[in-house]
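Novice: sequence and predicted structure are below.
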Amino acid sequence: MVLKERESLIGKLTGIQSSKKSYYSELKVTVEELKKKNMQLEVINEVTQSLNIEMSIDEMLKNIFEKIKPFIAIERMSLSLYENNQLVLSNVFPLDSFYFPMGYVFEKEKSLYWQSILTLEKVLFKMENHTPIYIEEKAYQSLGIQSILIIPLVSKKAVIGVLSIGRKELNHFSEDDLSFLQQLSDQIAVCFENVQLYHKVLNSKKEWEETFRAVSDMIFITDTNGIILKCNTSAINFFDTSIIGQDLQTVLDLPRTNNYFLSSISIEENFYQEFHFNHHLFELRAYPIYNNIQQVYSFIIYIIDITEKRKMEAQLIQSGKLAAIGEIAAGIAHELNNPLTAILGNSQLLLRDAKSDDRSHKLLSGIYTCGKRSKNIIQNLLTFSRQDEYSFDEFSINDAVEQVLEIIGDQFKKQNITIEKQLQLNINNVYGNIQQIGQIILNLLINAKDALEEKNTPKKIISIETKEFYDKAKKWVVLTIKDNGNGIQPHQLQDIFNPFFTTKEPGKGTGLGLSVSLGIAEKHNGLIEVDSKYKEGSEFSLKLPIKFQ
């Protein structure tokens, strides 16, 4: 009675209306199915947990294959990714089981993979003895694959690609296998999408960092107080030391009264300024970075070395000035040459008839001398203004000095400035452009004159000296121009050769003379040195290599 009631109760619970022997057999099958189900769930869980965003897709495919193979007989898996309306073969496992090359683009016509993509349905395909219809059939024939399951990978309604699973047995997958593989594919789609997104972000980050490092100009990222959080390779190379954590304004020696960080916050736009540092002229731009509530939390500081650019601009401006002087001089020469020719010619004719002891002879000699001097001044002005950087020749530095003094010497005398010359006789020649070297001499003399005008001294002196100087490496011709003027303050000495930097009052200087002069000297393989004491005077030395060494 108890046994019958137990069998009746078991029948109600299990739905098994059979004999005791049948019950145990079917119960065993049910338990095996439950174990398989449990194993499948464990596999899905293991696959999901084992896949991580840092893993390559090849590693992910291998991991999935090895988890499935123990309870579903499969020989091959492949992944084709859907991007930009193209289906591209991306990965295959085992690695030697491919027919189409990696990166192969499947055409939509007669493609099993595309059929699965377009219908968003899994495709079961069994190889049979018939003429191949689909482009994938030749591949599977070559690989000995008989049964193929193709599953579209979809995540958040977006198609990622297709997963194909092949086996060499000529029978389709069971319904239980299909259900499991569908669930697994859904998880794989999410994992693959995460991996793709991660690698896109990683690649974008890598590209940004490589660009950040490769930029030849200096880039800094700072907090709102100007503390350096990050900088690129150019900045590190320029300072040749670690500057992370330091105050950028202190590093660049910028005055604290001009806080570009606070300025950027207050005006809420990009900030720009130029500054001199370490014998260079820089352009600084500060770009505020805002958070999601539009508050500035850091800055991008972009610094460009514009020293060479400004030197070129300065030289262009100076060349323009000289071109204008040349045009004016040519016009003056054209207008004055005819009357000067008449003056010189007539004075010479009159001098022939005048007696040497006659008063008129002395007057005529003065007319002739002044006329000749006027013609020489015009000729020197024309020569000086004719700048041709490619016309290099051998010349004496003394001739360049005399050429300039012919033009401006009398002006200096009228301003009560005494010019003392100590020009070495038989000095070695230099190689270059005499007009351009004359421009350097003119600039240095004008600077000396301006320095003397700023100082109230009864005796204003400019001394010009030329000599030869020998060191271990080279032999030089040295031109020194010294004045007893106002001198230059020590903190300004490092900036005087920077374009547009001037110690003169507004309107009295452009800041181009020394910059252009240094550029010309360097083109002649020379250099300009300065020695100045504030309130005592300055000494500038132009050193040019002797032509034959």
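Specialist: On my side now, so go ahead.
Novice: next, give phi and psi for Q273.
Specialist: For Q273, the backbone dihedrals (degrees, to the nearest 10) come out as phi -160, psi 160.
Novice: could you pull out the strands in the stretch 251-400 of the chain for me?
Specialist: For the stretch 251-400 of the chain, applying DSSP state E, counting those that start in this stretch gives strands covering 271-277, 280-290, 296-305, 393-395.
Novice: pLDDT of the second one, averaged?
Specialist: Think strand 280-290. Averaged over strand 280-290, pLDDT sits at 84.
Novice: pull out the buried positions in it.
Specialist: 280-286, 288 (16 or more other Cβ atoms under 10 Å). Where C-beta positions appear, they are placed from N, C-alpha and C, glycine not excepted.
Novice: tell me the bridge partners for V477.
Specialist: Note on V477: beta-bridge partners E468, L544, judged by DSSP bridges.
Novice: for it, give me the pLDDT.
Specialist: So V477 comes in at 92 (pLDDT).
Novice: now swap in G326 and tell me
Specialist: 65.
Novice: thinking again about what came up before, can you redo the strands of the stretch 251-400 of the chain as TSV with distance to D410?
Specialist: Putting these into TSV (distance: least, Cβ to Cβ, whole Å) gives the following:
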stretch	distance to D410
strand 271-277	37
strand 280-290	37
strand 296-305	43
strand 393-395	24
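Novice: which one, of those strands, ends up nearest to L544?
Specialist: strand 393-395 (10.4 Å; Cβ to Cβ).
Novice: the closest one: partners in the sheet, and parallel or antiparallel?
Specialist: When DSSP bridges is applied, strand 393-395 pairs with strand 430-432 (antiparallel).
Novice: check which residues of the strand it pairs with are buried.
Specialist: Buried-residue list, strand 430-432, by 16+ other Cβ under 10 Å: 430, 432.
Novice: tell me how far whichever helix or strand comes after it lies from the chain's centre.
Specialist: Remark: after strand 430-432, the chain's next helix or strand is helix 434-453, criterion DSSP states H and E. Helix 434-453 sits 38 Å away from the centroid of its parent chain (Cα atoms, centre = their mean, to the nearest Å).
Novice: against which helices or strands is helix 434-453 packed?
Specialist: Here helix 434-453 touches helix 359-385, strand 393-395, helix 397-414, strand 460-470, strand 475-483, helix 513-523, strand 537-545, going by 3 or more Cβ pairs under 8 Å, 6 or more residues apart in numbering; DSSP states H and E.
Novice: in this structure, spot the helix with the most residues.
Specialist: Assignment by DSSP state H gives helix 307-353 as the longest helix of the chain.
Novice: how about the backbone phi and psi for Q246?
Specialist: Dihedral angles for Q246 - degrees, to the nearest 10 - are phi -90, psi 160.
Novice: now the closest residue to G409 other than its chain neighbours: how far from L452?
Specialist: Closest residue to G409 apart from its sequence neighbours, by Cβ to Cβ, 6 or more residues apart in numbering: I419 at 6.7 Å. To L452, I419 is 11 Å away according to Cβ to Cβ, to the nearest Å.
Novice: between the two, which is the more surrounded one?
Specialist: Each of I419 and L452 has its neighbours counted (other Cβ atoms under 10 Å); L452 has more, 23 against 18.
Novice: surely I332 touches S374?
Specialist: No - between I332 and S374 there is no contact under Cβ atoms under 8 Å: 10.3 Å.
Novice: and what about the residue nearest to G409, helix, strand or coil?
Specialist: strand (DSSP: H, G, I helix; E, B strand; the rest coil).
Novice: return the set of buried residues in stretch 416-429.
Specialist: 417, 419, 423, 427-429.
Novice: can I get those residues in a markdown table with pLDDT and distance to I219?
Specialist: Output for the buried residues of stretch 416-429, formatted as a markdown table (pLDDT from 0 to 100; distance: Cβ to Cβ, whole Å):
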| residue | pLDDT | distance to I219 |
| --- | --- | --- |
| I417 | 89 | 50 |
| I419 | 91 | 51 |
| L423 | 92 | 52 |
| I427 | 91 | 50 |
| N428 | 90 | 49 |
| N429 | 91 | 49 |
